[in-house]
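1. Provide a 3D model corresponding to the input given below.
(one chain, ligands or ions: 1)
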Amino acid sequence: MDIINSVSEMQQRSLAARAAGQRIAFVPTMGFLHQGHLSLLEEGRKRGDLLVLSIFVNPTQFGQGEDYEDYPRDLQRDAELAAQAGVDVIFAPTASEMYPKGYATYIDVEGITETLCGASRPGHFRGVTTVVNKLFNIVQPHLALFGNKDFQQLAVIRRMVLDQNTPVEIIGMPIFREPDGLAMSSRNVYLSGSRRQQALVLSQAIETARQLVAVGETDSAALIANLTEMISRQPDAQIDYVRICHQLSLQDQEQIDSDSVLLLAVFIGSTRLIDNSFLLDATNPAQ
Ligand code: AMP
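-> Next up, the predicted model:
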């Protein structure tokens with residue numbers, strides 16, 4: 001396994017792979033790998049000849065006062081896990097390699113970036129699309145794998161790729177959870193003691209919603225009121241949003257149907273957690 005820090009070296013490596021007829025599978029991450037990331041790598045390993053993992057804590061997607069400086073980083077541990085997962089190349093550039101002096105170009109997807117996390121974190125998706133577009137130009141993958149955990153991010157990236165005619169196949173992957181239901185996230189390391197326990201309220205709210213829908217509840221407002229009350233019972237929980245949206249438009253839905261996705265963003269103390277699930281998807285209950 002190689003670790004490449006330079007943009008031009010990564011581009012040359014990818015060009016050589018393409019010239020040799022290899023299919024490049026790509027998993028972009030911010031590192032501090034967990035099982036969720038590893039599930040993407042496992043699928044990428046099956047689908048590609050050259051498996052590239054990027055590890056880059058992207059400054060442009062963090063807002064003022066967010067956790068850019070504190071975001072957990074451990075390249076050595078990540079490299080060990082990546083090698084075990086069969087990664088061929090880790091691309092781990094510095095911020096100045098990605099955004100050299102004079103950098104001035106940003107990708108902005110309109111509409112679906114303005115709601116949900118985009119409303120709470122202004123500029124976040126502009127940073128995400130800018131870096132993912134750059135990474136696609138550098139790694140030149142045939143396919144790229146993203147987690148449904150970041151449901152809106154995946155929708156935004158699909159929109160960008162469609163609008164920009166980017167020749168990359170986007171593959172969405174199920175949410176990988178801890179045995180007790182908590183969606184895996186690098187930020188879970190911030191949760192200690194009772195807050196780790198309180199964080200379970202997100203997956204419990206999803207489970208409750210799915211059960212209510214399964215016995216006939218179709219009214220979004222009633223469900224949202226129920227879940228809001230449930231989450232608010234946790235002493236350190238502060239709701240950012242509890243919404244039920246159409247999976248493609250991300251517009252609020254009044255009535256539940258098979259396109260309905262429940263999306264949650266909740267602060268547990270100062271840690272912002274997100275989770276989501278389809279509400280009427282018999283084939284994919286645990287997501
Ligand atoms: P991150 O390092 O948090 O930027 O995540 C990198 C990729 O891993 C994104 O496509 C995420 O959606 C995905 N991911 C993060 N957590 C999970 C999870 N629990 N299950 C599946 N995919 C995940």
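2. residues near T129, how many?
-> Burial of T129 is recorded as 24 neighbouring residues (other Cβ atoms under 10 Å). For every residue, glycine as well, the C-beta is placed using N, CA and C.
3. For it, report the pLDDT, please.
-> pLDDT, T129: 98.
4. Please settle this for me: is it part of a helix?
-> Yes. Counting by DSSP: H, G, I helix; E, B strand; the rest coil, T129 falls inside a helix.
5. That one contacts V109, correct?
-> Yes. Between T129 and V109 there is a contact at 5.5 Å, judged by Cβ atoms under 8 Å.
6. any shared contact partners between these two?
-> 156, 160 (Cβ atoms under 8 Å, 6 or more residues apart in numbering).
7. pLDDT on stretch 42-62, on average?
-> Taken as a whole, stretch 42-62 carries a mean pLDDT of 98.
8. buried sites along that stretch?
-> Within stretch 42-62, the residues that qualify as buried are 42-45, 48, 50-58, 60-62, counting by 16 or more other Cβ atoms under 10 Å.
9. Near the ligand, which residues of the stretch 1-150 of the chain are found?
-> 29-30, 36-37, 39-40, 146-147, 149-150 (Cβ under 6 Å from any ligand atom).
10. rerun that using 8 Å as the cut-off
-> Residues of the stretch 1-150 of the chain lying close to the ligand by Cβ under 8 Å from any ligand atom are 27-37, 39-40, 145-150.
11. Of those residues, grab the buried ones for PyMOL.
-> Selection of buried members from these for PyMOL, criterion 16+ other Cβ under 10 Å:
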select buried, resi 27+28+29+30+31+32+33+34+36+37+39+40+145+146+147+148+149+150
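12. Tell me which of the residues of the stretch 1-150 of the chain next to the ligand fall in strands.
-> Of these, the ones assigned to strands by DSSP state E are 27-29, 145-147.
13. between those, which is nearest the ligand?
-> Among these, G147 lies closest to the ligand (Cβ to the nearest ligand atom), at 2.2 Å.
14. The closest one contacts M173, correct?
-> Yes. The criterion here is Cβ under 8 Å, and G147 meets it with M173 at 5.3 Å.
15. what sits in contact with each of the two?
-> With Cβ under 8 Å, 6+ apart as the test, G147 and M173 both reach L40.
16. so where does the nearest residue to P28 once chain neighbours are set aside fall, helix or strand?
-> Once flanking residues are discounted, P28 sits nearest to S54: 4.7 Å by Cβ to Cβ, 6 or more residues apart in numbering. Assigned by DSSP states H and E, S54 falls within strand 50-55.
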